[in-house]
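Asks: Provided below are the primary sequence and the corresponding predicted coordinates.
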Amino acid sequence: MNVLKLTAAGRLEGFTAENPAPVVGKIRVRVTKVLVNGVDAAIYSGAIKAKYPLVPGRFAIGIVAEECAHLLFPKGTRVLLHAFREAEDTGAQKRDFEEEENAACGQTADGFLSDFVLVSPNDMTPLPDSVNDESALLLHHIALAQATHEALKAQKGQHVAVIGANLMGILLCRLLIYRQVVPILIDSEPKNLEYARACGVYYSLEADSSLIENVAQITGGRLVTGAVYVTSAKGNDPTLAFRVCAQEGVTVLSGMNAGGLVLDFAPALKKRLSVHCVWSCSEYAENAINLTANRAAAVTPRHVNVIKPADLAQFFATYPEHPERDVSEFNIVDLV
């Protein structure tokens, strides 16, 4: 089989290996598509630290490639491969309590840029025909949006601010609208807000000197009952989540990568805000599938860019050179 490995920062190499031998309790899956983004590019460049060698690729789907006894996964079943899984037990080895309880595929554990992978049944979810491949690659984002909504405890008709108009922030807004919550999307980049409006996010405000006044005008002077800072959306002040929130409101830091986030909690203390952190959320995979099948968080239109494995190193190397990158860009590696 073919496999791509990062052997050092900025060095992505292709290898040929034997197909994985059977392992008790695991199922062989043929990886078909992998979604790559700025986090993968940062791991490639070394901006996000990783241990080498490492197989990159966090968000992936595949097809069960062998007959197995597990009823949910007969041969040919299309599956979502979980990007986050329980970290391996290190046994008597001294534990590093700064490490996460979960391993992030493509960062702290091998990812999915390989023809075949061995996966535990607990680390994948079967996909219905009603969820196409492109939508399936966003299921972790939908799962994170659902977990974020639950942390907010927002009720029908309440106003919630979402700081960050990247794909994750827009998907969250779409889900909040589906739940009959009123999102106010805030970003420092006007073109991101323009795309959000095209996706059906009505209230979208630029993060400028008039922001608080504009939020107050939308909410009748009350500000918002809850606010979310999307950690993957760059160029925004994270304290905006505190500043636009009403006294004793709820704030959520939501993301699959914190990216060296530094935050001043003084505004949260002064307002007696509750602060929650949401990360990973593979346990919401089935819920995300149902939401996607019902088009609860659909985002259109998108610019889909299909990348050949041989061109991936070039894609990663040039990724930081395009800070104006369109928020609607959707980059898929096709391994079939």
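Replies: Happy to help now that I have it.
Asks: List the buried residues for stretch 53-71?
Replies: 54-62, 64-65, 68 (16 or more other Cβ atoms under 10 Å). Every C-beta, even on glycine, is put in place using the N, C-alpha and C of the backbone.
Asks: which one of those is nearest Gly260?
Replies: Distance to Gly260, by Cβ to Cβ, is smallest for Arg58 among the buried residues of stretch 53-71, at 18.2 Å.
Asks: per-residue pLDDT, the closest one?
Replies: On pLDDT, Arg58 comes in at 94.
Asks: for Ile332, same thing?
Replies: With respect to pLDDT, Ile332 has a value of 96.
Asks: Can you show me the strands along the stretch 151-300 of the chain?
Replies: Ranges of strands within the stretch 151-300 of the chain are 159-163, 182-187, 203-206, 224-230, 245-254, 274-278, based on DSSP state E, counting those that start in this stretch.
Asks: For the fifth one, C-alpha coordinates in CSV please.
Replies: Extracted in CSV, the C-alpha atoms of strand 245-254 (Å, rounded to 0.1, in the frame of the first residue of the first chain):
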residue,chain,number,x,y,z
CYS,A,245,-21.9,39.1,26.5
ALA,A,246,-24.4,40.3,29.1
GLN,A,247,-23.8,40.0,32.8
GLU,A,248,-23.7,36.4,34.1
GLY,A,249,-23.9,35.1,30.5
VAL,A,250,-22.3,31.9,29.1
THR,A,251,-19.2,31.9,26.9
VAL,A,252,-17.6,28.9,25.1
LEU,A,253,-14.1,28.5,23.7
SER,A,254,-14.7,26.0,20.9
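Asks: Which other helices and strands does it contact?
Replies: helix 139-152, strand 224-230, helix 240-243, helix 266-271, strand 274-278 (3 or more Cβ pairs under 8 Å, 6 or more residues apart in numbering; DSSP states H and E).
Asks: now do the last one
Replies: Other helices and strands packing on strand 274-278, by 3+ Cβ pairs under 8 Å, 6+ apart, are helix 139-152, strand 245-254.
Asks: Strand partners (parallel or antiparallel) of that strand?
Replies: According to DSSP bridges, strand 274-278 has the following sheet partners: strand 245-254 (parallel).
Asks: Repeat that for the fourth one.
Replies: For strand 224-230, the paired strands and their directions (DSSP bridges) read strand 159-163 (parallel), strand 245-254 (parallel).
Asks: now the second one
Replies: Sheet pairing for strand 182-187, assigned by DSSP bridges, gives strand 159-163 (parallel), strand 203-206 (parallel).
Asks: Just say which of those is most tucked in.
Replies: Mean neighbours per residue, mean count of other Cβ atoms under 10 Å, is largest over the strands paired with strand 182-187 for strand 159-163, with a mean of 28.
Asks: That one to helix 139-152, inter-axis angle?
Replies: Here strand 159-163 runs at an angle of 130 degrees relative to helix 139-152 (axes from the mean of the first three to the mean of the last three Cα atoms, to 10 degrees).
Asks: Using CSV, list the CA coordinates for strand 159-163.
Replies: Presented in CSV, the C-alpha positions along strand 159-163 are these (Å, rounded to 0.1, in the frame of the first residue of the first chain):
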residue,chain,number,x,y,z
HIS,A,159,-29.2,36.0,20.8
VAL,A,160,-25.8,34.3,20.7
ALA,A,161,-22.6,35.9,19.4
VAL,A,162,-20.2,33.7,17.4
ILE,A,163,-16.7,35.2,17.0
